[in-house]
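Novice: pasting the sequence and the predicted model now:
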Amino acid sequence: MNYLPRNKGRRPLLKLALFLVGVFAAGVLILYLLDGFLIAVVTPLWRTETWVGTQVSAVKDFFRFKNSLISENTRLKEKLAALQIEAAARFAGGEAGAWSEILGRRAETGGIASTILARPPQVPYDTVVIDAGSNEGVVQDARVFMPEGPALGIVEQVFNSSAKVKLFSTSGEKTAAVLERHGVPVTLEGAGGGNFKIKVPREIEVASGDRILSADALPQLLAVVGEVVMEPTDSFKEILAISPANIFNIHFILVRP
Amino acid sequence: MKKHRLLSVIFLILAVIFLPYYIYLPALLVAIIVFPLFWEGILIGSLIDALYGSRLHSFASVFFTFAFYSFILVTIIMPVRRRIRSYAQ
């Protein structure tokens, strides 16, 4: 005679699945309701990490001359890259300057300077967390720029002393832009990792290094053409563009409401 | 096992806060596979989304979160573990 074990549930997998659904629902609630609180809790840890990193690198540089030379070399390269970006982003006296004069608008300067607390690759998305929030005057949908000029993204969420910035290069994010060479309006589509894709008719002339500007009265540099991909049978060509800023290495940004 | 599990959860939380995603995402995957019914993985997925992800704009956006991916993975792994290891819980 066979006996069923008494302590064996009839549907153990179903019970476990329901438990997991409950945990998932709790997770979604955490995500929806407590994200500001979690960021507020983690912000001091990120600040400490930045501070410790700075101190440790200073001590290391002091004791290791060769490494200090390497780090100085890296710093100078970064500075050179920043100056190149600044030069590329300048439009003084150009067509854009003339248009803004006609429209009676002035190029915005200044803004709320803030430090980046978390950036890719720590962040799996093209998002950065900054240390300025509503207390400092940051508002939702404010535009975010590099100190050298190029536009980076838009403030997506604002907390008391921090904010999340969605970069234009976020995968699937679409931004209206203009190809500077012939003033062709295009849609810049984020491809993640500071990269963009654009599709244009094959007749449009595009070359590597061409600038892509934002489609507004005061255009800002958004991306630079890296590669143009086109098959002989295609009626469109795909442009792969890169952000002028190295998103893995940004330290400061400006928020302009 | 419980001690290892607790240590893994602590490591994963710290990794999410301080380390790059190419370390904590594979570590989360391994933890979900190795530990039986690693429901903590769903909450760690939620932590990643809460710290770094976008706000949920619609119901559909729930399906593009790390919490959901972890949930699916834990749910799929659960019966598979039962079949391949008779002593698994």
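Specialist: Received it, and whenever you're ready, just let me know what you need.

Novice: check which helix or strand B:I42 maps to.
Specialist: B:I42 belongs to helix B:40-52 when assigned by DSSP states H and E.

Novice: and A:V200, by the same measure?
Specialist: Using DSSP H and E, A:V200 falls within strand A:195-201.

Novice: nearest to chain B: which residue in the stretch 151-257 of chain A?
Specialist: In the stretch 151-257 of chain A, the residue that lies nearest chain B is A:Q157 (5.6 Å; Cβ to the nearest Cβ). Just so you know, the C-beta spots here come from the backbone N, C-alpha and C atoms, and that holds for glycine as well.

Novice: and that residue, how many neighbours?
Specialist: A:Q157 has 19 neighbours, counted by other Cβ atoms under 10 Å in any protein chain shown.

Novice: helices and strands around the strand holding A:V200, which ones?
Specialist: Using 3 or more Cβ pairs under 8 Å, 6 or more residues apart in numbering or on different chains; DSSP states H and E, the elements in contact with strand A:195-201 are strand A:174-179, strand A:184-192, strand A:221-229, strand A:236-242.

Novice: if we use 7 Å, what do you get?
Specialist: strand A:184-192, strand A:236-242 (3 or more Cβ pairs under 7 Å, 6 or more residues apart in numbering or on different chains; DSSP states H and E).

Novice: re the thing from before, what's in contact with the helix or strand following the helix holding B:I42?
Specialist: Following helix B:40-52 in sequence order, the next helix or strand is helix B:66-84 (DSSP H and E). Helix B:66-84 is contacted from outside by A:13, A:16-17, A:20, A:24, A:27-28, A:31, B:28, B:32-33, B:36-39, B:41-42, B:45-46, B:48-49, B:62, B:88, using Cβ atoms under 7 Å, 6 or more residues apart in numbering or on different chains.

Novice: where in the stretch 101-250 of chain A is pLDDT low?
Specialist: Residue ranges of the stretch 101-250 of chain A with pLDDT under 70: A:101-109.

Novice: what does it put close to chain B?
Specialist: For the stretch 101-250 of chain A, the residues in contact with chain B (Cβ under 7 Å from any Cβ of the partner chain) are A:118, A:121-125, A:127, A:156-157, A:166.

Novice: burial count for residue 22?
Specialist: I went with chain A, as the question did not name one. By the measure other Cβ under 10 Å, the count of residues near A:G22 is 12.

Novice: chain B, not that one
Specialist: B:Y22: 10 surrounding residues under other Cβ under 10 Å.

Novice: so what's the gap between stretch B:60-69 and the chain middle?
Specialist: Centroid separation for stretch B:60-69 versus its chain: 12 Å, with Cα atoms, centre = their mean, to the nearest Å.

Novice: buried sites along that stretch?
Specialist: B:62, B:65-69 (16 or more other Cβ atoms under 10 Å in any protein chain shown).

Novice: let's have those residues in CSV, adding distance to A:V229 and pLDDT.
Specialist: As requested, the buried residues of stretch B:60-69 are exported to CSV (distance: Cβ to Cβ, whole Å; pLDDT from 0 to 100):
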residue, distance to A:V229, pLDDT
B:V62, 34, 86
B:T65, 32, 91
B:F66, 31, 93
B:A67, 36, 92
B:F68, 33, 93
B:Y69, 30, 94
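
Novice: which of the residues you listed sits closest to A:P147?
Specialist: Of all the buried residues of stretch B:60-69, A:P147 sits closest to B:F66, with 31.8 Å by Cβ to Cβ.

Novice: quick one: contacts of the helix holding B:I42?
Specialist: A:20, A:23-24, A:27, A:30-31, A:34-35, A:38-39, A:42, A:118, A:123-125, A:127, B:9, B:12-13, B:16, B:28, B:31-32, B:65-67, B:69-71, B:74.

Novice: where does chain B get nearest to chain A, which residue?
Specialist: Nearest residue of chain B to chain A (Cβ to the nearest Cβ) works out as B:S46 at 3.4 Å.

Novice: nearest residue to that residue other than its sequence neighbours?
Specialist: Leaving aside its sequence neighbours, B:S46 sits nearest to A:G27 (Cβ to Cβ, 6 or more residues apart in numbering or on different chains; 3.4 Å).

Novice: give me the number of residues near the one you found?
Specialist: 27.

Novice: sec struct for the residue of the stretch 151-257 of chain A closest to chain B, please.
Specialist: Put simply, A:Q157 is strand when judged by DSSP: H, G, I helix; E, B strand; the rest coil.

Novice: now the closest residue to it other than its chain neighbours: phi and psi?
Specialist: Spatial nearest neighbour of A:Q157, chain neighbours left out: A:K164 (4.3 Å); criterion: Cβ to Cβ, 6+ apart. Main-chain dihedrals, A:K164, degrees, to the nearest 10: phi -110, psi 130.

Novice: ok, A:K164 - how many residues close by?
Specialist: If you count neighbours by other Cβ under 10 Å, A:K164 ends up with 27.

Novice: pretty sure it sits against A:D131.
Specialist: No - contact criterion Cβ atoms under 7 Å: A:K164 and A:D131 do not qualify, at 11.7 Å.

Novice: in chain B, where is pLDDT below threshold?
Specialist: The model of chain B has pLDDT under 70 over residues B:85-89.
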